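Chemist: Take this sequence and fold it.
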Amino acid sequence: MFANEYTATLIADSRAGDCSVAVADAWQRMAPGFGTMTSTDLCTDYPVHRWYKRSGFTSVNLGTDYDRLVHDLDL
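Modeler: Predicted coordinates:
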């Protein structure tokens, strides 16, 4: 139903990045819109954690799985 992608540009002195979301045709216009953006990643991915924090996301452990974090942003 959904696919997402995050890529970071690794160019010296660059702070560029890209985040995209693709929605299958069958799901187009099926909801009133996004209220929250959520992502998960490994707890050791510190550069991404800093980006989430600077962007206003809140981060918590994924239940009892302390190897992963869940990041939420209210839109």
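Chemist: Give me the distance from the top strand by length along the chain to the chain's centre.
Modeler: When the chain is scanned for its longest strand (criterion: DSSP state E), the result is strand 65-74. Taking the mean of its C-alpha atoms, strand 65-74 sits 9 Å from the chain's own mean (C-alpha atoms, centre = their mean, to the nearest Å).
Chemist: Pull out the buried positions in it.
Modeler: Leu69, Val70, His71 (16 or more other C-beta atoms under 10 Å). No exception for glycine: its C-beta is placed from N, CA and C like everyone else's.
Chemist: Export the residues you listed as CSV, with columns for distance to Ala22.
Modeler: Supplementary listing: those in CSV, determined by distance: C-beta to C-beta, whole Å:
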residue, distance to Ala22
Leu69, 23
Val70, 21
His71, 20
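Chemist: that older thread, packing partners for the longest strand of the chain?
Modeler: Taking 3 or more C-beta pairs under 8 Å, 6 or more residues apart in numbering; DSSP states H and E as the contact definition, the neighbouring helices and strands of strand 65-74 are strand 36-42, helix 46-54, strand 58-62.
Chemist: Find the residue closest to the spatially most central residue of the chain in space, skipping its chain neighbours.
Modeler: In the chain, the residue lying closest to the centroid (C-alpha atoms, centre = their mean) is Ser39, at 3.7 Å. Leaving aside its sequence neighbours, Ser39 sits nearest to His71 (C-beta to C-beta, 6 or more residues apart in numbering; 4.8 Å).
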